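>>> This is the structure alone, sequence omitted:
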């Protein structure tokens, strides 16, 4: 395995509204959500409370992280790659991020994080939630003072754009055109809030998130014209 592949940590996060019901927000945040909601598209009759349940999880100021999965390639033998994943899934966000920070702080210098749409979503969302929880940013997420070419982040969406910055392509679509197996049939990101608060099934969210990390790693290999990792060589820590 090349050093380029060895030094990548693939990552995906799942987020939900910080509280289950709009009514549970403190008054200051209710006011701020009303201001945010005024600019959001809504269906006829949809209230600020409805929008909070459906949309709050995508905003770091009104949401929280309930699952992060990381993945790393390894050599099965001289000619075969494997992928090892590890899930961090907790209702207690501070505890989850503390455990994640412990892993990220141990990464070797030169390690790069890779996610799909990571530069727009996963990386900034994580960074903001670290700070909200009073935690120092891991070095791999601390971009202060870094020039663009010094930022240790890869983004499969950005790689696919080839400079076409108005173009968005979902991970699911790219997986389909590159014939990468996914677990998308089980659930999708829009259901994470429901699965957490109504079904109370954090394990299901972790499984879904793991599937996305595997898909991101496989997509990156495809973009490098390399063979996919065989399913038998995908393991969970």
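Ah, there it is. The structure displayed is predicted, hence computed values, not measured ones. Residues are numbered from 1 along each chain as shown.
>>> Who is residue 87 paired with across the strands?
For residue 87, the beta-bridge partners are residue 69 (DSSP bridges).
>>> Assumed residue 222 was part of a strand.
No - under DSSP: H, G, I helix; E, B strand; the rest coil, residue 222 sits outside any strand and is assigned helix.
>>> dump the residue contacts of it.
Contact analysis of residue 222 by C-beta atoms under 8 Å, 6 or more residues apart in numbering lists 178, 180, 228. All C-beta spots, glycine's among them, are computed from the backbone N, C-alpha and C.
>>> Who are the contact partners of the first one?
Residue 178 is in contact with 218, 219, 222, counting by C-beta under 8 Å, 6+ apart.
>>> can you put those in a markdown table and add distance to residue 162 and pLDDT?
A markdown table is the format used below for the contacts of residue 178 (distance: C-beta to C-beta, whole Å; pLDDT from 0 to 100):
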| residue | distance to residue 162 | pLDDT |
| --- | --- | --- |
| 218 | 19 | 97 |
| 219 | 15 | 98 |
| 222 | 15 | 96 |
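>>> Format those residues as TSV; extra columns: distance to residue 25.
Shown next, in TSV, are the contacts of residue 178 (distance: C-beta to C-beta, whole Å):
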residue	distance to residue 25
218	39
219	37
222	43
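>>> next one: the helix or strand bottoming out on mean pLDDT in the chain to chain centre, how far?
The helix or strand of the chain with the poorest confidence is helix 3-6; it has a mean of 88 (mean pLDDT, DSSP states H and E). With C-alpha atoms, centre = their mean, to the nearest Å as the basis, helix 3-6 stands 21 Å off its chain's centre.
>>> which parts of it are buried?
The neighbour-count check on helix 3-6 (16 or more other C-beta atoms under 10 Å) flags residue 5 as buried.
>>> Now tell me what touches that helix from outside.
Residues contacting helix 3-6 (C-beta under 8 Å, 6+ apart): 73, 81, 224.
>>> continuing past that helix, what's the next helix or strand?
As assigned by DSSP states H and E, the chain's next helix or strand after helix 3-6 is strand 8-17.
>>> Which residue comes closest to residue 49 once chain neighbours are left out?
Distances taken as C-beta to C-beta, 6 or more residues apart in numbering put residue 22 closest to residue 49, at 4.0 Å, once the chain neighbours are dropped.
>>> can you pull the contacts of that neighbour?
Shown in contact with residue 22 (C-beta under 8 Å, 6+ apart): 30, 33, 48, 49, 52, 53.
>>> what's the closest of these to residue 205?
Of all the contacts of residue 22, residue 53 has the smallest distance to residue 205: 16.5 Å, by C-beta to C-beta.
>>> Flag the shaky bits of this protein, pLDDT-wise.
Low-confidence segments of the chain, defined by pLDDT under 70: 183-186.
>>> count of residues packed around residue 133?
Residue 133 has 17 neighbours, counted by other C-beta atoms under 10 Å.
>>> likewise residue 45?
Neighbours of residue 45 under the rule other C-beta under 10 Å: 6.
>>> what secondary structure does it sit in?
Note that with three-state DSSP, the state of residue 45 is coil.
>>> please begin residue numbering at 43 from this point
Okay, using 43 as the starting number, the last item reads as residue 87.
>>> And it, how close does it get to residue 62?
Per C-beta to C-beta, to the nearest Å, residue 87 is found 21 Å from residue 62.
>>> Could you do residue 91 as well?
As for residue 91, its distance to residue 62 is 11 Å (criterion: C-beta to C-beta).
>>> same check, this time on residue 165
Remark: distance between residue 165 and residue 62 (C-beta to C-beta) = 26 Å.
>>> which of the two has more neighbours?
Shown here are residue 165 and residue 62; by other C-beta under 10 Å, residue 165 has more neighbours (22 against 14).
>>> Many thanks, have a good one.
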